[in-house]
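A.B. asks: Task: produce atomic coordinates for the following.
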Amino acid sequence: QVQLVESGGGLVQAGGSLRLSCTISGPSFANYAMGWFRQAPGKEREFVATLKWSRSDTIYSDSVKGRFTISGDYVKNILYLYMNSLKPDDTAVYYCAADDAGWGPWVHRDSKYDYWGQGTQVTVSS
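C.D. replies: Here you go, the predicted structure:
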């Protein structure tokens, strides 16, 4: 059973930066897709970015492309999300997730992810 623990959220002013971390533990997840999703109050959970573990293929949502970067530390087993040029619309609870089905055209769908962290709050003030 893969376990995911997020950290790094907080309060930041618009235009600022944050780095989220997701510590991964459990059985081998070399071929997993590791993703970040977010959910703002009153809204559905939405895809942010995903990475093919150990291969570094990445996909981003249009809303964060060019501002956020997803990466992995394959020694420490930590998934990162570097967030720059933050906007108030980025305010949400951010979740990391793991999909054991590997990589494919479904990797932006939250329903495909099998394991989820508890979430970390990111608040961007204007």
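
A.B. asks: which secondary structure element contains the residue most central in space within the chain?
C.D. replies: The residue lying closest to the centre of the chain (CA atoms, centre = their mean) is residue 36, at 1.9 Å. Using DSSP states H and E, residue 36 sits within strand 33-39.

A.B. asks: Would you mark the buried spots in that strand?
C.D. replies: By neighbour count on 16 or more other CB atoms under 10 Å, the buried set for strand 33-39 is 33, 34, 35, 36, 37, 38. For every residue, glycine as well, the C-beta is placed using N, CA and C.

A.B. asks: Where do the strands of the chain begin and end?
C.D. replies: Secondary structure of the chain, counting by DSSP state E: strands at 3-7, 10-13, 18-25, 33-39, 46-52, 58-60, 68-73, 78-83, 92-99, 115-116, 120-125.

A.B. asks: Tell me who's in contact with the most far-flung residue of the chain relative to its centre.
C.D. replies: Distance from the C-alpha centroid of the chain peaks at residue 126, with 22.9 Å (CA atoms, centre = their mean). Residue 126 is in contact with 14, 88, counting by CB atoms under 8 Å, 6 or more residues apart in numbering.

A.B. asks: Which one of the buried residues of strand 33-39 is nearest to residue 100?
C.D. replies: Nearest to residue 100 among the buried residues of strand 33-39 is residue 33, at 8.5 Å by CB to CB.
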